[in-house]
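Visitor: make a model of this:
(chains A, B and C)
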Amino acid sequence: MNAIDQKISDLGLVLPEPSAPVANYVPYVISGKMVFVSGQISKIGDNAIGGRLGEDLTVEQGQAAARLSALNILAQIKAACNGDFGRVKRIVKLGGFVQALPTATQADIPKVINGCSDIMVAVFGDAGRHARFAVSAPSLPLDVAVEIDAIVEIE
Amino acid sequence: MNAIDQKISDLGLVLPEPSAPVANYVPYVISGKMVFVSGQISKIGDNAIGGRLGEDLTVEQGQAAARLSALNILAQIKAACNGDFGRVKRIVKLGGFVQALPTATQADIPKVINGCSDIMVAVFGDAGRHARFAVSAPSLPLDVAVEIDAIVEIE
Amino acid sequence: MNAIDQKISDLGLVLPEPSAPVANYVPYVISGKMVFVSGQISKIGDNAIGGRLGEDLTVEQGQAAARLSALNILAQIKAACNGDFGRVKRIVKLGGFVQALPTATQADIPKVINGCSDIMVAVFGDAGRHARFAVSAPSLPLDVAVEIDAIVEIE
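Guide: Got it, this is the predicted structure:
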């Protein structure tokens, strides 16, 4: 167990099995030193967090959803590194989508995505500090509140 | 005609002329080994597929729209490779947007984008397997149902 | 003052102080030769442009919003280059989100994002020609009309 696995354990986080491809796309692609992780939704097994800002999703629920996305992203990164988190050089970029109505309180969108950003920094420290966008969408796949993709530099 | 052109022909697909820039952006940029293809909409010539999930777009119509986007992406990739599809090493990432209302059946969003994903794998085989996100937007440019961008590794 | 700074000055543009990180994400990450700039919103200091296409945002107001995003992107690029715009090799990609209702006139979405695209080409010439997507979102953070992220190649 390397330092990152230990950190994940210390934080009380449990990584899911990385999801398998469900269609003609795959959970990640490695190109050169970059890992492109597919959009990871706020669902782990039967635990899905749905809802929509401005309707039936609180900021706290949204952040919990973003944490599920974060765990799914971490599981995919680990798989991309053949299990060795020590190869992660930098979380480069997150692209965050939250389900929201036009009437959502707009300060809530970045707060929700912080649920994922905070885990990246808690786990990887300065190497977890990333660029990102945080936007909204009227609907996301499979009744989830959050979908987040990632670009990661590995060595 | 190389193997990929043959495959495209065998699949009965006809690539459009790659669209020209219409403003101060361009259909693709090559940076190092990566081609960044601009968002390609579900419109080829006068054949545009519009509509919105949850309103007036069926999954089948959406998939047909995603196939138009796929053909436009393929045309741009070919142009970026100076006509030689043999230089394509990997379809790295697709970013898929579908017009949808908040009331859309959410399982339909990934199904729609599969219309593009499936063509990439039909044409390029394993090299066509890509990371992606599939989300929705309330409106897309020029009355189209689908917009998809791409990152492609070439050699 | 190099040629790009001179150009920015000649265009009458004034770059803001690059915004500092407000959470566990950062305004940009450099990975190899690529700078990934976080989504930059249409707000500089107290000057924020909000509104929504199809509701209370005109195309002209949207373009002004996209110009604020452009200035914020330029400020982050300059910071990433330690103040030397001469290191910019290519504006590779913009990802543009405009707040819009499903009822927005859809030709307006690309017109709005042109407000940012045009500045990139005015400032960098051919090196400013970029790939992009231009889509919409029901809501964007902090009551802004536009959010745009960027990928830039530097040397």
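
Visitor: interface residues of chain A facing chain B?
Guide: Proximity of chain A to chain B (Cβ under 8 Å from any Cβ of the partner chain) is limited to residues A:21-29, A:31-32, A:36-39, A:52, A:55, A:95, A:97, A:99, A:101-102, A:137-144, A:147, A:149. In this view, the C-beta of every residue, glycine as well, is placed from N, C-alpha and C.

Visitor: now, which of the residues you listed lie within strands?
Guide: Judged by DSSP state E, the residues of chain A next to chain B include A:28-29, A:31, A:36-39, A:95, A:97, A:99, A:137, A:147, A:149 as members of strands.

Visitor: ok, which pair from those is furthest apart?
Guide: For those, the farthest-apart pair by Cβ to Cβ is A:Ser31 and A:Gln99; their separation is 29.7 Å.

Visitor: more crowded one of the two?
Guide: Here A:Ser31 and A:Gln99 are compared on neighbour count by other Cβ atoms under 10 Å in any protein chain shown; more neighbours surround A:Gln99, at 32 against 18.

Visitor: list the contacts for A:Ala75?
Guide: The neighbourhood of A:Ala75, defined by Cβ atoms under 8 Å, 6 or more residues apart in numbering or on different chains, consists of A:Leu15, A:Pro16, A:Glu17, A:Pro18, A:Ser19.

Visitor: dump those residues to TSV, plus secondary structure, pLDDT and neighbour count.
Guide: Rendered in TSV, the data for those read as follows (DSSP: H, G, I helix; E, B strand; the rest coil; pLDDT from 0 to 100; neighbours: other Cβ atoms under 10 Å in any protein chain shown):
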residue	secondary structure	pLDDT	neighbour count
A:Leu15	coil	93	18
A:Pro16	coil	94	15
A:Glu17	coil	92	10
A:Pro18	coil	92	18
A:Ser19	coil	85	17
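
Visitor: which one of those residues sits closest to B:Phe133?
Guide: Minimum separation from B:Phe133 among the contacts of A:Ala75 (Cβ to Cβ) is found for A:Ser19, which lies at 14.0 Å.

Visitor: buried residues, the helix ranked longest in chain A. List them.
Guide: Secondary structure of chain A per DSSP state H: the longest helix is helix A:59-80. Neighbour counts over helix A:59-80 (16 or more other Cβ atoms under 10 Å in any protein chain shown) mark A:59, A:61-80 as buried.

Visitor: adding distance to chain C as columns, could you present the contacts of A:Ala75 in CSV?
Guide: As requested, those are exported to CSV (distance: Cβ to the nearest Cβ, whole Å):
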residue, distance to chain C
A:Leu15, 19
A:Pro16, 22
A:Glu17, 26
A:Pro18, 23
A:Ser19, 24
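
Visitor: looking at the residues you listed, which is nearest A:Gly125?
Guide: If you rank the contacts of A:Ala75 by distance to A:Gly125 using Cβ to Cβ, A:Leu15 comes first, at 17.9 Å.

Visitor: how about the closest one, what does it touch?
Guide: Remark: with contacts taken as Cβ under 8 Å, 6+ apart, A:Leu15 is in contact with A:Ile8, A:Leu71, A:Leu74, A:Ala75, A:Lys78.

Visitor: mind doing that once more with 6 Å?
Guide: If you count contacts by Cβ atoms under 6 Å, 6 or more residues apart in numbering or on different chains, A:Leu15 has them with A:Leu71, A:Leu74, A:Ala75.

Visitor: and A:Asn2, how many neighbours?
Guide: 11.

Visitor: is any part of stretch A:21-41 close to chain C?
Guide: No: Stretch A:21-41 does not reach chain C (Cβ under 6 Å from any Cβ of the partner chain); its nearest approach is 6.9 Å.

Visitor: what lies in contact with that stretch?
Guide: When contacts are defined by Cβ under 6 Å, 6+ apart, stretch A:21-41 is touched by residues A:19, A:69, A:72-73, A:76, A:80, A:144, A:147-154, B:92-93, B:114, B:117-118, B:121, B:129-133, B:153.

Visitor: which parts of it are buried?
Guide: Buried positions in stretch A:21-41, judged by neighbour count with 16+ other Cβ under 10 Å: A:24-31, A:34-41.

Visitor: next: stretch A:95-108.
Guide: Going by neighbour count (16+ other Cβ under 10 Å), the buried part of stretch A:95-108 is A:Gly95, A:Gly96, A:Phe97, A:Val98, A:Gln99, A:Ala100, A:Leu101, A:Pro102, A:Ala104, A:Gln106, A:Asp108.

Visitor: let me know the pLDDT of the fifth one.
Guide: Just to be clear, that refers to A:Gln99. At A:Gln99, the model reports a pLDDT of 96.

Visitor: skip the chain neighbours and tell me the closest residue to it.
Guide: Excluding its sequence neighbours, the residue lying closest to A:Gln99 (Cβ to Cβ, 6 or more residues apart in numbering or on different chains) is A:Arg52, at 4.3 Å.

Visitor: with the first one instead?
Guide: In this structure, A:Gly95 finds its nearest non-sequential neighbour in A:Asp149, 4.7 Å apart by Cβ to Cβ, 6+ apart.

Visitor: what of A:Arg67?
Guide: Counting by Cβ to Cβ, 6+ apart, A:Arg67 lies nearest to A:Gly115, which is 4.8 Å off, once chain neighbours are set aside.

Visitor: would you say the one you found is within a strand?
Guide: No: in this structure, A:Gly115 is helix, not part of a strand, as judged by DSSP: H, G, I helix; E, B strand; the rest coil.

Visitor: contacting residues for it?
Guide: Residues in contact with A:Gly115 (Cβ under 6 Å, 6+ apart) are A:Gln63, A:Ala66, A:Arg67.

Visitor: from those, which is closest to A:Phe85?
Guide: Using Cβ to Cβ, A:Arg67 is the member of those that sits closest to A:Phe85, with 17.9 Å.

Visitor: which single residue in chain A comes nearest to chain B?
Guide: Ranked by Cβ to the nearest Cβ, the top residue of chain A for proximity to chain B is A:Gly39, at 3.3 Å.

Visitor: chain neighbours aside, what residue packs nearest to A:Leu15?
Guide: With Cβ to Cβ, 6+ apart, the residue lying closest to A:Leu15 is A:Ala75, at 4.6 Å.
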